[in-house]
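# curious how this folds, go ahead:
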Amino acid sequence: MAHAYVAKTAIGRIVNEIEETAIAVLLGLMTIITFINVVLRYGFNTGLIWGLEAVTFLFAWLVLFGVSYTVKVTAQLGVDAVINLFSPSIRRLLALIAGAVCILYAVFVMKGAWDYWAPFAGLDATTGRWFPTGFANTRDQAWYEVIDIPFPEWLRWIEPIMNEGEAYGKLPRFIPYAILPFGMALLLFRFIQAFIRVWRGEATSLIVSHEAEDDIKDVQHMNAGN
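Here you go, the predicted model:
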């Protein structure tokens, strides 16, 4: 069953607010840009050239934020028909095994995300096939740009740092791609939190179970007087 996340510390509440605000802002920006583009296309036979690319990046950010958020609030869907056949102690053990596998998976994906993003930020990718064993001398690709999104003037200060003083014509790729290592690191953190919750007995599963039954119970009172 999905639960409402309740932060236990001030830092936890701040992080939760930032997370939820970021998701809302991303969704709002996607809606606004798409709406403006539709109006311009059908009303004025023009449009924002960079609109589609911007919405694509915003959607990617929304998805990667959302993955870790659903882990945090235990909203990931799963099939528990077989799991529920076992005793509570066995179900807890299976949940811990699943949590360990998820943590391992997140480590692998985070390594891959860093190795993909790092060259675009002028940084070194890691060595090692499965786990990072060091850093390799990686070719600097910080000059790579996106296709259509223009470079904001207020970001000109990064050109001497990232592009050897050369001017960017479009938004450098390392900015929208930054969600890859950040999102995967956040996912790893949330899986560790979920594993600890199961270990302490504060949760029984990593997935939401019987979500349809729970939704029916939540709205059952609306039909009580009918």
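# show the average pLDDT along stretch 139-152.
The average pLDDT for stretch 139-152 rounds to 93.
# so where's the chain shaky on pLDDT?
Along the chain, the parts satisfying pLDDT under 70 run over 1-7, 80-81, 209-226.
# grab the longest helix from it for me.
helix 10-44 (DSSP state H).
# for the next helix or strand after that one, packing partners?
Toward the C-terminus, helix 10-44 is succeeded by helix 51-72 as the next helix or strand (DSSP states H and E). Helices and strands touching helix 51-72, by 3 or more C-beta pairs under 8 Å, 6 or more residues apart in numbering; DSSP states H and E, are helix 10-44, strand 145-150, helix 179-200. Where you see a C-beta, it was placed from the backbone N, CA and C, and this is true even at glycine.
# switch to 10 Å and redo it
helix 10-44, helix 88-117, strand 145-150, strand 170-172, helix 179-200 (3 or more C-beta pairs under 10 Å, 6 or more residues apart in numbering; DSSP states H and E).
# return the most buried member of those.
A comparison of the helices and strands packed on helix 51-72 by mean neighbour count, using mean count of other C-beta atoms under 10 Å, puts strand 170-172 on top with a mean of 20.
# and that one, how far out from the chain's middle?
22 Å (C-alpha atoms, centre = their mean, to the nearest Å).
# partner strands of that strand and their direction?
strand 145-150 (antiparallel) (DSSP bridges).
# mind listing what's buried along whichever helix or strand comes after the partner strand?
Per DSSP H and E, the first helix or strand lying C-terminal to strand 145-150 is helix 159-162. Residues residue 162 are the ones in helix 159-162 that count as buried (16 or more other C-beta atoms under 10 Å).
# and the residue nearest to residue 121 when sequence neighbours are not counted, helix, strand or coil?
Among residues not flanking residue 121 along the chain, residue 174 sits closest, at 4.1 Å (C-beta to C-beta, 6 or more residues apart in numbering). The three-state assignment at residue 174 reads coil, by DSSP: H, G, I helix; E, B strand; the rest coil.
# tell me if I'm right that residue 174 and residue 144 touch.
Yes: between residue 174 and residue 144 there is a contact at 7.8 Å, judged by C-beta atoms under 10 Å.
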